[in-house]
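Trainee: 3D model of this:
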Amino acid sequence: MAFVRLFRVSFLATLLAVILVAADIPAVAAASSEAHCVVRVIGERPDGRFVVTPATCFETLAEAMSFASDGAVAFDAELTGAALLTGEAGVTALVSTFTLGVHFDGFSGSGSSISVVGSSCSGGYWNTGSAWANRISSSWNGCYRLRHFDSTYAKDDSEDTTGAGSIHNLGIMNNRTESVAYLGS
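Mentor: Next up is the predicted model:
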């Protein structure tokens, strides 16, 4: 009888420990699930589609932005999309010198991001690929106008965000964007 009680106590203690550990797993996963990626425009096809490098990803936006600048600019480790939104400490001016747009999976520049780095706001476009298809909720404009399209190859419904150096939450194209065009006007 004592063995059964000891077994029950041990079993319950083990079960409680597993539950407590499992309860912490989502919090740990959430903290490390954010990624900030960079793609570089290395060419443009006749139809305007950008040829980009594979995405290089980092744990922080600061690391991604430093990489995007080819190491020319070091950002505070706590850099957030909100700093881009407010123009904090000249961040907006610096980032706009090498970034066509930064796209976030949360509103107001929050969550994970992907930066499209290049030098031409000529109207060329980037197909998001499967990793970012139907995931963009807000965008920071490096170019004056970003046109978010419902389909790849800059087709179907679209929504514009305007104003270089500003972040906009998407409305009808929230989590529907599969390509983005970068325009100077």
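Trainee: which residues touch the helix or strand harbouring Asp150?
Mentor: Assessed by DSSP states H and E, Asp150 sits inside strand 145-151. Contact with strand 145-151 is made by 101, 121, 125, 136, 139, 154-162, 170, 173, 176-185, as judged by CB atoms under 8 Å, 6 or more residues apart in numbering. C-beta: built from backbone N, CA, C; applies to glycine.
Trainee: do the same with stretch 39-54
Mentor: Applying CB under 8 Å, 6+ apart, the contact partners of stretch 39-54 are 55-56, 68, 100, 114-120, 122-127, 153-154, 181.
Trainee: ok, now which ones touch the spatially most central residue of the chain?
Mentor: With distances taken as CA atoms, centre = their mean, Ser113 lies nearest the centre of the chain, 1.1 Å away. Contacts for Ser113 were tallied using CB under 8 Å, 6+ apart; they are His36, Cys37, Leu61, Ala64, Gly81, Val102, His103, Phe104, Asp105.
Trainee: could you do Cys143 as well?
Mentor: Listed by CB under 8 Å, 6+ apart, the contact partners of Cys143 are Leu100, Gly101, Cys121, Ala164, Tyr182, Leu183, Gly184.
Trainee: on that earlier part again, strands - which of the contacts of stretch 39-54 land there?
Mentor: Of the contacts of stretch 39-54, the ones assigned to strands by DSSP state E are 56, 100, 114-117, 122-127, 181.
Trainee: quick one: which two of those residues are the most distant?
Mentor: By the measure CB to CB, Thr56 and Gly123 form the most distant pair in those, at 25.3 Å.
Trainee: cheers, nothing more for now.
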